[in-house]
Structure formats: structure tokens, C-alpha cells
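In: Okay, here's the prediction I keep looking at, along with the sequence it came from:
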Amino acid sequence: MDFAQPLERATLVRRYKRFLADVVMSADGCETTVHCPNPGAMMGLADPGLTVWLSRSASATRKLPLTLELVEADGGLVGVNTLHPNRLVAEALARGAIPEVAGYDRVRPEVKYGEKSRVDFLLESDGRPPCWLEIKNVHLMRRAGLAEFPDCVAARSARHLRELSHRVGAGDRAVALFVVQRTDCDRVAAAADLDPGFAAALGDALRAGVEVLAYACTIAPSQVSLSHRLPVLAPGG
């Protein structure tokens, strides 16, 4: 996934109201408000003084033309835009770059299923069970090398895992894919202390036959892409 234009460097002043952040632009020293496309806690990634990277919209009508994309933390770049993982996976599926879910003839995004849910991707081929694929963005690291999800209570994500379990029970295939938007992690786990409900739902999903995958990313101010598979630690393991 290439950024349409080179990202602009800035220093974070504060992040507030979930979707807003104030920054000081490196180019001219001016303070401005930018869009923060991340509803989570952004633990460790919202500290004042951190270097951030911003994209600029070409739309003349957009109220906040700048969007927070990357944060420099722990010596590397971390992607905080929660909209990107679906795009990254869509591009990877088109290239057949995720071997575990390759070989399907049709990929449909945002398909309704379960109770008030939409699966991120439904993979289909004639003569084989469909594959329901849910994507989760991961950017939390509290211990060296360990990526964790979620960074706050994520009841909706727990519901998605239950919906996937139901699809397996109906004879379909279901996959939960964690996209780790940082380059310094070698494993993934549920943050059970932050959301015990999600950790329990993940354990239940694994026992029900839901496949759980995780992929790391390569990240630069010009591009983000899926890289390689990471192990996922079972809750309580």
C-alpha cells in the first residue's frame, strides 16, 4: 500500500476526543489539528513529543486535510490508521500473498452475517466451503516483541469471534487475521488484562475451529505492506 503523496513529519502535542490530535509541523513550526483515524486507547503511541507522520488529503472540502498515519515509538514506525489493515489484506489477497487463504476465485468485502455484523472479506470458490475472514488491527506493545490486541475493551471484536465460531459450526471456514502494524514484534497475544472478554472469546473461537493468523508489516513513510507470519499465543498459554 503506497501513500499517495510523501508523508509530512510533525511532533505530537496531544491526542483528544478519540479522533483529533494537535501537532506541530516540522516544515514550518505551525501547530494544527489533524484527524486521528483510531478509536482505541493508542497506549504508548499518544504521548506528547512523539514524532508522527501525516498524510494530506487532496480534497478541497475536507475540514481536516491532514491525517495521522505513523508514530515513531520504541525505535521504529508504528501504523495507527485502523482503516489500512483491510486495504493491506485486500492487496495481499489479490496477489495471493497470504498462502493460508489463497486460491479462492471470488473475494467480497463487507458481507452481512450473524447479528448486526459485516465480515471484512468473504472468500468463495465453487465446490468448496466459503471462508469468512475478519481483520484486526494491532499496534500495542508493552513487552519487548509481544504485540497485543486489543488496547481497550473491544466488545465488537469479541462479537465477531463468536460470529466466526457460528460459521464454523455451520460447516464453513472462518479465519481471524491480526495485522500487526509495527516492525518490532515477533509474536501476538490477547491483552487479557485490558479486555478479559475478548481473551475468553478468542479461546472459545480457537476451540470451535476458527483459524487465527497474524502477519507483521513492513512500514516506511512511503509504503506499508504485509510482511511475514507471526505466531499467535493461545489465551492462558
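Out: Here it is on my side, so go on.

In: Spit out the contact partners of Val107.
Out: If a contact means CB atoms under 8 Å, 6 or more residues apart in numbering, then Val107 has Ala90, Leu93, Ala94, Phe121, Leu122, Leu123, Glu124 as its contacts. The way it works is simple: take the backbone N, C-alpha and C, and place the C-beta from them, glycine included.

In: Take those residues and keep only those in strands.
Out: Using DSSP state E, the subset of the contacts of Val107 located in strands is Phe121, Leu122, Leu123, Glu124.

In: separation between the second one and Pro129?
Out: To tie it back to what came earlier, the one meant is Leu122. Going from Leu122 to Pro129 by CB to CB, to the nearest Å gives 11 Å.

In: How about the first one?
Out: For Phe121, the distance to Pro129 (CB to CB) stands at 15 Å.

In: Let me know the closest of the contacts of Val107 to Arg167.
Out: Leu122 (9.8 Å; CB to CB).

In: Could you name the helices and strands sitting against the helix ranked longest in the chain?
Out: Across the chain, the longest stretch assigned as helix under DSSP state H is helix 155-169. When contacts are defined as 3 or more CB pairs under 8 Å, 6 or more residues apart in numbering; DSSP states H and E, helix 155-169 sits against strand 117-124, strand 131-138, strand 173-180, helix 196-208.

In: Would you map out the domains in the protein?
Out: The chain is divided into the following domains under automatic domain parsing: 8-79, 84-229.

In: measure the last one end to end?
Out: Looking back up the chat, that one is domain 84-229. Criterion CA to CA, to the nearest Å; first-to-last residue distance in domain 84-229 is 18 Å.

In: The residue positioned nearest the centre of the chain and Cys152: what is the separation?
Out: Centroid check for the chain by CA atoms, centre = their mean gives Asn137 as the closest residue, at 1.6 Å. Per CB to CB, Asn137 is found 13 Å from Cys152.

In: same deal with Arg106?
Out: In terms of CB to CB, Arg106 sits 35 Å off from Cys152.

In: Kindly report the same for Val138.
Out: 13 Å.

In: Neighbour count for these two, which is higher?
Out: In this view Val138 and Cys152 are compared by other CB atoms under 10 Å, and Val138 has more residues nearby, 26 against 14.

In: Now do the same contact list for that one.
Out: Ala147, Glu148, Phe149, Phe178, Val179, Val180, Gln181, Arg182, Val188, Ala214.

In: try 7 Å this time
Out: Ala147, Phe149, Phe178, Val179, Val180, Gln181, Val188 (CB atoms under 7 Å, 6 or more residues apart in numbering).

In: Could you do Phe3 as well?
Out: Counted by CB under 7 Å, 6+ apart, Phe3 has contacts Ser55, Ser222, Gln223.

In: Give me the neighbour count for Arg143.
Out: Count around Arg143 with other CB under 10 Å applied: 10.

In: for Asp28, that is, sorry about that
Out: Counted with other CB under 10 Å, Asp28 comes out at 7.

In: again, but for Val111
Out: Neighbours around Val111, by other CB under 10 Å: 15.

In: That one reaches Leu123, doesn't it?
Out: No - here Val111 does not reach Leu123: they are 10.2 Å apart, not a contact under CB atoms under 7 Å.

In: residue ranges with poor pLDDT in this protein?
Out: 237 (pLDDT under 70).

In: picking that back up, which one's more surrounded, Leu122 and Pro129?
Out: Set Leu122 next to Pro129 and count neighbours by other CB under 10 Å: Leu122 wins out with 21 against 15.

In: contacting residues for the more buried one?
Out: Neighbours of Leu122 in contact, by CB under 7 Å, 6+ apart: Arg108, Val111, Pro130, Trp132.
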